[in-house]
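K.L.:
Turn this into a structure:
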Amino acid sequence: MSGRNLAWQPFRQDTLTRAMRLSGEAKLLRIFVGERDRVGSRTLYEAIVSRAREAGLAGATVLRAVEGFGAGSIIHKARLLELSEDLPFVIEIVDSEEKIQSFVSVVDELFEKANSGGLVTLEKVEIIKYSPPKKSPG
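P.N.:
This next block holds a predicted model:
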């Protein structure tokens, strides 16, 4: 399957969900942030997901880690019966290389607004399946 180009095929012209089919080579943008990182009144991860949706990217997923450390070498972990200690969050976004590359500047802007550190990585991936849920009959 490698070597295929990213193929865009809208499901319906009338949909407002921007649903599309993706397959072939793409890019995975992975963004590591802390749960305390904020842009105004929103968490940084919420701001990134919102801007990704506004930019028309295929989708974004936020993963909450149970433990980790970053550039500051401070270990953050979830503890039973205690409040979290700035747990790591990972935002993953997969789309065409062109769309991901143009979104990196948005991520930089949001990091600046949040005055926070983090890590951003970019990987080559191959999309096997991407489609919206099927409507239930009825």
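K.L.:
Now the longest strand along the chain: buried residues?
P.N.:
Secondary structure assigned by DSSP state E gives strand 24-34 as the longest strand of the chain. Neighbour-count burial for strand 24-34 flags 24-27, 29, 31-34 (criterion: 16 or more other CB atoms under 10 Å). From N, CA and C alone the C-beta is placed, and that goes for glycine too.
K.L.:
Serialize the residues you listed to a markdown table and add fields for pLDDT and distance to Glu46.
P.N.:
Rendered in a markdown table, the data for those read as follows (pLDDT from 0 to 100; distance: CB to CB, whole Å):
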| residue | pLDDT | distance to Glu46 |
| --- | --- | --- |
| Gly24 | 85 | 30 |
| Glu25 | 91 | 29 |
| Ala26 | 94 | 24 |
| Lys27 | 96 | 22 |
| Leu29 | 98 | 16 |
| Ile31 | 98 | 12 |
| Phe32 | 96 | 15 |
| Val33 | 95 | 10 |
| Gly34 | 92 | 13 |
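K.L.:
chain center to stretch 107-126: distance?
P.N.:
When distances are taken as CA atoms, centre = their mean, to the nearest Å, stretch 107-126 is centred 10 Å away from the chain's centroid.
K.L.:
which outside residues touch that stretch?
P.N.:
Among residues not part of stretch 107-126, those counted as contacts by CB atoms under 8 Å, 6 or more residues apart in numbering are 1-2, 4, 24-34, 37-40, 44, 47-48, 51, 70-72, 94, 100, 104.
K.L.:
Give me the distance from the longest helix anywhere in the chain to the chain's centre.
P.N.:
The helix spanning the most residues in the chain, taking DSSP state H as the definition, is helix 97-114. Averaged C-alpha coordinates place helix 97-114 at 11 Å from its chain's average position (CA atoms, centre = their mean).
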